[in-house]
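Participant: sequence unknown, structure follows:
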């Protein structure tokens, strides 16, 4: 028996050796099993204060980056949804809110009217955008976006959530008035009634959330004029004239309905325009009548001057729907014979006069174009008439190369959006009723003729697009 300090040292040494043997034996296991203990000693590292501080900063930075990545991944898939948040503070009119995993911002132009919030207030907002930025993910909320109202209706109306009713279009004047177009895919369900709810309970819940914003619920219709008549309610519409190519529509209303159709500060017609995606011109019946009379007189004078007709016969042509000399020249003779008092000889004489006038005008236009310096390559290009060539020359397009560099909208015209307003771009050849597709084909033909484009490549691209469709 060993006693005292010598005994304790002997026992400690034996225990240490036993542990070392056991550990070494475990580490040498070729196929460790569950429950075995593997130990791999790491040699101590002598770090100074600066090195330790640097390591701490790196670890904290990585943790922050991981948190930002987690926040971005969490909210990037929630764009387009409504979230609940708690107001933290207000900075220069922008509201900073707590969304649980971080902060989001509700800009002052995304608030409804003069909304004011205090710290701790609960709000609902639409996640409009999530961006990854160096300072961390930025979450932008909105309460004025039209999709915010659509999502609120989806929450309040089960039929919308289930897909039985679909919201086709939304237009808002935040805090004041809104229009929403809905359609039902179940004939037994009225889309407007379902959105209004029993005694207006459903729509009233949305109105309360939008600070009393008045909401007009409109049934959607594939027929644009019919849909527009619904969109302009409560005003009554007498007539609708649609121009598909220009994406414009004229609405004729009685004199007493004009102010109602336009709305206060143009609100009603502006919302209807946003809902349909068309520019709307509202005319009274008297204004429309004056305009039609003016067009009638202008066409009458045209036929009198170009075809050497008396006023009565010229008015007869206009009343039958003829608008231009070209229509008279190239129309089927049977249409002229259908006019009262026109026999075969008269019809032939009318078309002969029209053809002679057109030929003379084309010769004059071609002479003027040559005087402006137009090259023969452009004059002989198929599809361009002498008046078209003259119009191109007046705009500085005098060679086939100049023509090939044009864009389709430069020739046929179009519409662009500037500051939220649709602006008309007048085309060089727009007055000749040249469509965008026709302009595009003519420009491409010019590029092929000049050798700028390989026709085989165009055909291959067209085949690929057709296959994708």
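Facilitator: Looks like it arrived, so ask away. Bear in mind the structure is a predicted one, so any value in this text is a computation, not a measurement. Numbers count the residues shown, from 1 in each chain.
Participant: Going by C-alpha atoms from here, please, whenever you check contacts or count neighbours.
Facilitator: Fine.
Participant: longest strand in this protein, by residue count?
Facilitator: Ranked by number of residues, the top strand in the chain under DSSP state E is strand 122-133.
Participant: State the next helix or strand along the chain beyond that one.
Facilitator: Sequence order places strand 136-142 as the next helix or strand after strand 122-133, per DSSP states H and E.
Participant: quick one, helices of the stretch 101-250 of the chain?
Facilitator: 146-156, 158-162, 191-196, 201-209, 224-231 (DSSP state H, counting those that start in this stretch).
Participant: out of those helices, which comes closest to residue 456?
Facilitator: Nearest to residue 456 among the helices of the stretch 101-250 of the chain is helix 224-231; the distance by C-alpha to C-alpha comes to 40.1 Å.
Participant: coming back round to it: quick check: buried residues in the longest strand of the chain?
Facilitator: Residues of strand 122-133 classed as buried: 124, 125, 126, 127, 128, 130 (neighbour count, 16 or more other C-alpha atoms under 10 Å).
Participant: on that earlier part again, okay, the helices of the stretch 101-250 of the chain in a markdown table with mean neighbour count next?
Facilitator: Below are the helices of the stretch 101-250 of the chain laid out as a markdown table (neighbours: other C-alpha atoms under 10 Å):
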| stretch | mean neighbour count |
| --- | --- |
| helix 146-156 | 20 |
| helix 158-162 | 16 |
| helix 191-196 | 20 |
| helix 201-209 | 17 |
| helix 224-231 | 19 |
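Participant: Could you work out which of those reaches nearest to residue 350?
Facilitator: The nearest among those, by C-alpha to C-alpha, is helix 224-231 at 37.2 Å.
Participant: what's the average pLDDT for that closest one?
Facilitator: What helix 224-231 shows for mean pLDDT is 86.
Participant: quick one: residue 292 from residue 439, how far?
Facilitator: 30 Å (C-alpha to C-alpha, to the nearest Å).
Participant: okay, these two: which has more neighbours?
Facilitator: residue 439 (22 against 12; other C-alpha atoms under 10 Å).
Participant: I'd assumed residue 412 was in contact with the more buried one.
Facilitator: Yes - the pair residue 439 and residue 412 passes the contact test of C-alpha atoms under 8 Å, sitting 6.2 Å apart.
Participant: what's the closest of the helices of the stretch 101-250 of the chain to residue 79?
Facilitator: helix 146-156 (11.0 Å).
Participant: surely residue 105 meets residue 139?
Facilitator: Yes - counting by C-alpha under 8 Å, residue 139 is a contact partner of residue 105 at 6.3 Å.
Participant: what sits against residue 323?
Facilitator: With contact taken as C-alpha atoms under 8 Å, 6 or more residues apart in numbering, residue 323 is in contact with residue 299.
Participant: give me phi/psi at it?
Facilitator: phi -110, psi -30 (degrees, to the nearest 10).
Participant: and this protein, what are its domains?
Facilitator: 73-142, 145-220, 375-469 (automatic domain parsing).
Participant: possible to save the ones you listed as CSV with distance to residue 343 and mean pLDDT?
Facilitator: Below are those laid out as CSV (distance: least, C-alpha to C-alpha, whole Å; pLDDT from 0 to 100):
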stretch, distance to residue 343, mean pLDDT
domain 73-142, 68, 82
domain 145-220, 49, 89
domain 375-469, 31, 82
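Participant: nearest to residue 334, of the ones you listed?
Facilitator: Closest among these, once you apply C-alpha to C-alpha, is domain 375-469, at 24.8 Å.
Participant: Give me the distance from the closest one to the chain's centre.
Facilitator: On the basis of C-alpha atoms, centre = their mean, to the nearest Å, domain 375-469 sits 25 Å off its chain's mean C-alpha point.
Participant: cool, and stretch 75-86?
Facilitator: 22 Å.
Participant: Could you do stretch 119-126 as well?
Facilitator: So, by C-alpha atoms, centre = their mean, the centroid of stretch 119-126 is 29 Å from its chain's centroid.
Participant: How about stretch 282-301?
Facilitator: That offset, for stretch 282-301, works out to 35 Å (C-alpha atoms, centre = their mean).
Participant: Buried residues, it. List them.
Facilitator: 282, 283, 284, 285, 288, 296, 299, 300, 301.
Participant: now those residues as JSON lines including pLDDT?
Facilitator: Output for those, formatted as JSON lines (pLDDT from 0 to 100):
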{"residue": "282", "pLDDT": "86"}
{"residue": "283", "pLDDT": "84"}
{"residue": "284", "pLDDT": "85"}
{"residue": "285", "pLDDT": "84"}
{"residue": "288", "pLDDT": "83"}
{"residue": "296", "pLDDT": "90"}
{"residue": "299", "pLDDT": "90"}
{"residue": "300", "pLDDT": "91"}
{"residue": "301", "pLDDT": "92"}
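Participant: Just the closest of these to residue 62, please.
Facilitator: Out of the buried residues of stretch 282-301, the member with the shortest distance to residue 62 (by C-alpha to C-alpha) is residue 282, at 61.6 Å.
Participant: With adjacent residues omitted, what lies nearest to that closest one?
Facilitator: Computed as C-alpha to C-alpha, 6 or more residues apart in numbering, the closest residue to residue 282 that is not its neighbour in sequence is residue 251, at 4.8 Å.
Participant: For the stretch 251-400 of the chain, which segments are assigned as strands?
Facilitator: 279-284 (DSSP state E, counting those that start in this stretch).
Participant: Leaving out chain neighbours, which residue sits closest to residue 320?
Facilitator: In space, residue 320 is closest to residue 339, 7.6 Å off (C-alpha to C-alpha, 6+ apart).
Participant: And the one you found, how close does it get to residue 371?
Facilitator: Distance from residue 339 to residue 371, by C-alpha to C-alpha: 42 Å.
Participant: which residues touch the residue nearest to residue 196 when sequence neighbours are not counted?
Facilitator: Nearest residue to residue 196, sequence neighbours excluded (C-alpha to C-alpha, 6+ apart): residue 203, at 4.9 Å. Taking C-alpha under 8 Å, 6+ apart, we find residue 203 in contact with 153, 156, 195, 196, 197, 215.
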